[in-house]
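> Generate coordinates for the sequence data below:
(2 chains)
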Amino acid sequence: MTENLRMKKCLAVFFCILLIVGFLKNGAYLQIAKYSEYVKQDANKLDADDAITMTTIESDFSSELFGKRQLFDMNGSLLRGLNIRSYYSGNNIYVMDGDYIVSSSPKTSTDYELKEIKDFNSFLSEHNINLLYVSTPTKYLDDSLFAEQFGIESYCNRNADYFLSRLDEAGIANIDLRKNLIADGLDVKDLFYRTDHHWTVPAGLWATKYIAEGLNQYCGYSIDTSIYDKENYDFTTWENCWLGEQGKKVSAAYVGLDDYTKVTPKFDTSYTFSTSDGKIKGDFSYFISESTFNQDKNIYDETSWHYAYHRYKFENHNVKKGNVLFICDSFGHATLPFLSLGVHSGNSVILRDYNLQKFDLRKYIVDNKFDTVVVCYAPFMIGAHDNEKSANYRMFTFK
Amino acid sequence: MSFTSLSFLFVFLPILLCIYYLANDRAKEYVLLAASLAFYALGSLKYLVLFVILTAATVCVGRVLSSASHKVARVLLLILGICVNLIPLFYYKYFDFAIDTWNRVSGSDIQMRNLALPLGISFFTFKAISYIVDTYKETIDLNDRLVHDALYLSFFAQIQSGPLNRYGEMNCEMTEMEGRRYMGGRLFSDGVYRFMIGFSKKILLANMLAKIVDEVYATPMENFTTGYAWLGSICFSLQLFFDFSGYSDMAIGISEMFGYPCRENFIYPYITESVSKFWRRWHISLSEWFRDYVYIPLGGSRTKHACMVYFNLFVVWLLTGIWHGANWTFIAWGLGYFVLISFEKMTGWPDRFKTKFGKIIWRIISILFINIQWILFRSTNIRSALSFVKRLFICNYNELTNKRMCFLMKEYWVFIVVAVLLSMPIVPMIFKKTDNHTIAKLVAEVIVGLIIVFAFIWSISLVLSGLNNPFAYANF
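All right, here's what the predicted structure looks like:
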C-alpha cells in the first residue's frame, strides 16, 4: 500500500478537510455532552423506556447533519439514475412508473377484524346505533399489478375483498368505494398523491358523496348528496409544492414533488367547533389550516399538507339531523370536513391515537348520543393487528 | 458506535485525531487507551467494567509471567492467563448454547440466560491469549510501559472484529518521527486511503447486496427457484467479503492514521486456487492465529503418524467453527472445511495437476464449495441450509427463475457486477500496468482518486438515508 502516494496524500487532505468541516458545521462538540450523559447512566437500566440509547444519539445527530438535504437528494438522484425502484423496500416503499409510490400488504385471515367488528356491531345494535363500514381504495386496485411490477405478492385488495364478503355474511352494512371508483371510470392514481399514501382532498370530497349515500341507504339519513357535486366547490391547486410522508423518506430527487388541491364549498356554512380552546363559531374554512400552504418552508421539515384539513368535533347549524362518530384512519382528514356538511353534528377518532386502557370508546359513544358510527378504513388497516409492532395494531379494537 | 456511523466520522474521529496529534509522544498511548475505553463504553456500556477487569488481569498475568523464572510458576501463570480469558468467552458466548443442547439431549428444561455478547469478546480473547502465550514463549519483549500492553488489548480500531494483530507488531511509527512530519507521511495517507475504501466497500457494496440477501433468506423455501437461490448465495458470498474486508480496511486504516501498522486480513480470497489457499487469503489473521496457537502446538504437519495431521486439522476446524458462533451451523461449516482441506492434503490436489484446465476446474469447484459453505454460515439451522442447497440444484416446479429474481437483478445489477469485479485484483493490475508510463499512471491515479471520493460521499449519503447495517462479523 505504499504506492500511489501522490493520490493518497490528496485523499488524506480531502478527508481531513471533510472531518474538520463536518466537525465544526455539525456542532459536533455538543455531542460530547450527550455521550457523557449516556455513559453516566446505570448500565443495567439501558433497556428502560426512558434510557438514553446510542441509537437515539446517532439518529439525532444524523437528522441535524450539515448538508443533509443535499446529500439525501444526491442519493435520490443516483438511485433514480440507476432506476432502482425498490431501494426503500425496507420501509415498504416501492416506486412504480410515473414516480408513484405504493406499498404491499401481507395476507391476513381477517378473523380478528371480523370478530371485533361483529362484537362492536352487537353493542351498537343493543343501543340502537347504526354501524356503517366504509372501505376506501388504496393506491392500486389490482394486487396482481404489484406482482407484475415488483415480483412481490401484495394482498391488500384481496384482504379487503375477503373481509367485505365476510361483513356481508355477518349482515353488517358496508360500502366498497373501489366499486364506485370503477363505476365512475376514474383512475385510482388520480385520487392519490404520488409521494404519499393518502388520498387527495378532491378524492375525499368524491368519497364523501358515496358515504353520504350510504348513510341515506343504511342509516335512515336524508342527506342531499347534490351538495357534494363539484360545481359547488372552489378548487385551488399548487403545483410541485410539497412532498408526502413517503416521499420525505426517499427524497424529492428520487420521486419529485407533489401537487396539492384545496377544496372549499362555494355555499355558506355555519359551525360551532369544539376545540381544546373551547367552543368556537366559524365556517368551513376553520377546518383548514392555511399556514400549512407556505411554500417557503423546507419541504423536508414542514408539516404534511395532507393534514391541512383538521378533524374537529363540529355542530353544523345548517343541518338538523344526524350525530355521527367517524372512526377513521388519517384518510379521514380529507373526508370528515366534507361529511360535516351533510350532518348536524359529529366527531372523529383514530383509535391508534388513544390509550384504550384510559379511553372507553363504547362509553364515549353512549355518553355523546351518537346515532351512527361510521368506520372508514383503508384496506391496509385489515391485518395490521397481526403485527404487534404496527402503528395500526389497535385500529380494529373497538373497546 | 460503529466505524460507519456519522458520529464516529464527524465527532469521535476528529476529536481523537486532534488530541492525539497535539499530545506529546509519551502521552499518545494514554490518549489512545482513554479513547479505546470511551469507544467501548459507547458500544457496550454494560460490559465496560468486565472489559477493564479482563484487560487489567491479562496485563498483570503477562507482566508477572515475563518476570517469573520458575518453570512450574510460568506454566501455572500461562494456564491462569488463558483461563481468565476463556471463561468469560465461554460464559457469554456458549453458555446458552450448552444449556440448549443439554435440554435437547436430556429433555430437561433449564432456563437460558439470553446474555448479550460483550463487544468484540472473541477477538479480545484471542489477542489476550496470543499476548500471554507469546510472553510465555518469550517471543516478545514487554517494554516498560504497562499502558502499551493495555492499549494492545483494547485498541478501539481492532477491538470489534480484529484484525488479530500480535503484540510484537504493535509499534507506533509516529513516535519515531515528529507528528506533523508523520501526518504528511506515508502511513497516515495509507490509513485514510484504506479507511475511505473500507467505508465505501461496506456501505456501497456489502449493504446494497445485503438488501438482496436479506430478502432471499427471508423468503419461504416453497417460493424459491434455482436462480433465486443462486442469486442469494452468490450475493451473500460477495456481501460477506465486502462487509468484513471493508471493516478490516477501516480498522487497518484507523490504526495507520494513529501510526500503528496493521497486518493484512484479506487478499482477494475469491481468486483462490484451492480451498486450503482460500484461508491464506480470507481472515488471514484468524487463520494465522489458529496455525500459531493451536495447529503448530498440536504438532502441525510434522507428526510421527500421518493420521495425527488430520486430527490436528480436525481440532483446528472444529474450533474455527465454534469460534464463529454458538450454533451447529457453524460447527458443520468448520467441519466442512476440515473435510475439503483434508481431501486436498490427501490427494495433493490441485498442485499435482499438470494441466491448466485441471487447475481451472478445481478453482471453480473450490469457489462453488466456498459459496455453499457460506449458506451454512448464513442459515439459522442446518435443515434450512440443506433445503437452500437443495434448491441450488433442484428446480422448484421446473422454474429456474422467478419475477422477483429478475427484478432484483435488474435493480442491483450494477452493484453485483462492481462487486464481482472488485473481488478480483483489477485496481492493482491497472496500477501495475501503468507503472512505467508517467501520464497513464497519473490519469489512473486521478480517476481512482475521484472514484474513491465519489464513493465515500455517496456512502455517507446512504448512511444518512438509513443504509447502515451492523457488521456481519460484529457478533463473533
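> is it true that residue A:248 touches residue A:300?
Yes. Shown here, residue A:248 and residue A:300 form a contact pair, counting by CB atoms under 8 Å, at 5.7 Å. Yep, even glycine has a C-beta here, placed from its N, CA and C like the rest.
> who has more neighbours, these two?
Set side by side, residue A:248 and residue A:300 show more neighbours around residue A:248, with 19 against 16, by other CB atoms under 10 Å in any protein chain shown.
> Which secondary structure element is home to the more buried one?
Residue A:248 is located in helix A:245-250, with elements delineated by DSSP states H and E.
> Would you mind pulling up the elements that the top strand by length along chain A packs against?
The strand of greatest length in chain A, counted in residues with DSSP state E as the criterion, is given as strand A:233-242. Judged by 3 or more CB pairs under 8 Å, 6 or more residues apart in numbering or on different chains; DSSP states H and E, strand A:233-242 is in contact with strand A:258-265.
> Please identify the pairing partners of the strand it packs on and their relative orientation?
The sheet places strand A:258-265 alongside strand A:233-242 (antiparallel), with pairing taken from DSSP bridges.
> Show the average pLDDT along the partner strand.
For strand A:233-242, mean pLDDT rounds to 96.
> Identify the residue spatially nearest to the residue nearest in space to the middle of chain A, adjacent ones excluded.
Nearest residue to the geometric centre of chain A (CA atoms, centre = their mean): residue A:330, 4.4 Å. Spatially, and ignoring its direct neighbours in sequence, residue A:330 is nearest to residue A:198 (6.3 Å; CB to CB, 6 or more residues apart in numbering or on different chains).
> Surely that neighbour touches residue A:331?
Yes. The criterion here is CB under 8 Å, and residue A:198 meets it with residue A:331 at 6.1 Å.
> Tell me who's in contact with residue B:68.
Under the criterion of CB atoms under 8 Å, 6 or more residues apart in numbering or on different chains, the contact partners of residue B:68 comprise B:74, B:77.
> Can you give me the distance of it to residue B:58?
Distance of residue B:68 to residue B:58, given as CB to CB, to the nearest Å: 15 Å.
> Based on its surroundings, how many neighbours for residue A:187?
9.
> my bad, residue B:322
When neighbours are defined as other CB under 10 Å, residue B:322 has 16 of them.
> repeat for residue A:276
Around residue A:276 there are 4 residues (other CB under 10 Å).
> cool, the one 4 residues further on as well?
Neighbour count of residue A:280, defined by other CB under 10 Å: 12.
> who's in contact with it?
Applying CB under 8 Å, 6+ apart, one finds that residue A:280 lies in contact with A:272-273, A:286.
> ok, it to residue A:29 distance?
For residue A:280, the distance to residue A:29 under the criterion CB to CB works out to 47 Å.
> Find the nearest non-adjacent residue to residue A:228, please.
Here the residue nearest residue A:228, using CB to CB, 6+ apart, is residue A:209, at 3.7 Å.
> hey, where'd the helices end up in chain A?
Counting by DSSP state H, chain A has helices at residues A:5-25, A:29-40, A:54-63, A:68-81, A:111-126, A:143-150, A:156-170, A:177-183, A:201-219, A:245-250, A:252-255, A:336-339, A:361-367.
> Just give the number of residues close to residue 304.
Just going to use chain A. The burial metric for residue A:304, expressed as a neighbour count using other CB under 10 Å, is 18.
> actually it's chain B I care about, not the one you picked
Using other CB under 10 Å, residue B:304 has 6 other residues around it.
> Can you name the helix or strand that it falls in?
Taking DSSP H and E as the definition, residue B:304 sits outside all helices and strands.
> next one: phi and psi at it?
The phi and psi values for residue B:304, taken as degrees, to the nearest 10, are phi -70, psi -40.
> roughly how far apart are it and residue B:297?
Per CB to CB, residue B:304 is found 16 Å from residue B:297.
> Then residue B:138?
15 Å.
> State the distance from residue B:403 to residue A:144.
11 Å.
> between the two, which one's more packed in?
residue B:403 (15 against 12).
> dump the residue contacts of the residue nearest to that one when sequence neighbours are not counted.
Using CB to CB, 6+ apart and skipping the chain neighbours, the partner closest in space to residue B:403 is residue A:151 (3.3 Å). Under the criterion of CB under 8 Å, 6+ apart, the contact partners of residue A:151 comprise B:402-408.
> before we move on, what about residue A:320?
Shown in contact with residue A:320 (CB under 8 Å, 6+ apart): residue A:344.
> Please, where are all the helices along the stretch 151-300 of chain B?
Secondary structure of the stretch 151-300 of chain B by DSSP state H, counting those that start in this stretch: the helices cover B:156-159, B:179-183, B:186-200, B:207-218, B:226-257, B:275-278, B:284-290, B:296-298.
> wait, which of these is closest to chain A?
Chain A lies closest to helix B:186-200 among the helices of the stretch 151-300 of chain B, at 3.8 Å (CB to the nearest CB).
> if I look at the closest residue to residue A:347 other than its chain neighbours, how far off is residue A:329?
Counting by CB to CB, 6+ apart, residue A:347 lies nearest to residue A:313, which is 4.0 Å off, once chain neighbours are set aside. Per CB to CB, residue A:313 is found 18 Å from residue A:329.
> quick one on the thing from earlier: nearest to residue B:85 among the contacts of residue A:151?
Comparing these against residue B:85 with CB to CB picks out residue B:408 as the nearest, at 43.3 Å.
> who's in contact with the closest residue to that closest one other than its chain neighbours?
Here the nearest residue to residue B:408 in space, its sequence neighbours aside, is residue B:212; by CB to CB, 6+ apart that works out to 5.2 Å. Counting by CB under 8 Å, 6+ apart, residue B:212 makes contact with B:231-232, B:235, B:408, B:412.
> on that earlier part again, now, the contacts of residue A:151 that are in helices?
When the contacts of residue A:151 are checked against helices using DSSP H, the ones located there are B:403-408.
> ok, these vs residue B:386, which is closest?
Where the ones in helices among the contacts of residue A:151 are concerned, and distances follow CB to CB, residue B:386 has its nearest neighbour in residue B:405, at 21.0 Å.
> still on that earlier bit, any chance of the helices of chain A in JSON lines, with mean pLDDT and distance to residue B:81 too?
Formatted as JSON lines, the helices of chain A follow (pLDDT from 0 to 100; distance: least, CB to CB, whole Å):
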{"stretch": "helix A:5-25", "mean pLDDT": "93", "distance to residue B:81": "39"}
{"stretch": "helix A:29-40", "mean pLDDT": "88", "distance to residue B:81": "29"}
{"stretch": "helix A:54-63", "mean pLDDT": "87", "distance to residue B:81": "32"}
{"stretch": "helix A:68-81", "mean pLDDT": "92", "distance to residue B:81": "48"}
{"stretch": "helix A:111-126", "mean pLDDT": "97", "distance to residue B:81": "58"}
{"stretch": "helix A:143-150", "mean pLDDT": "92", "distance to residue B:81": "56"}
{"stretch": "helix A:156-170", "mean pLDDT": "97", "distance to residue B:81": "61"}
{"stretch": "helix A:177-183", "mean pLDDT": "97", "distance to residue B:81": "72"}
{"stretch": "helix A:201-219", "mean pLDDT": "97", "distance to residue B:81": "72"}
{"stretch": "helix A:245-250", "mean pLDDT": "92", "distance to residue B:81": "51"}
{"stretch": "helix A:252-255", "mean pLDDT": "94", "distance to residue B:81": "55"}
{"stretch": "helix A:336-339", "mean pLDDT": "97", "distance to residue B:81": "72"}
{"stretch": "helix A:361-367", "mean pLDDT": "96", "distance to residue B:81": "65"}
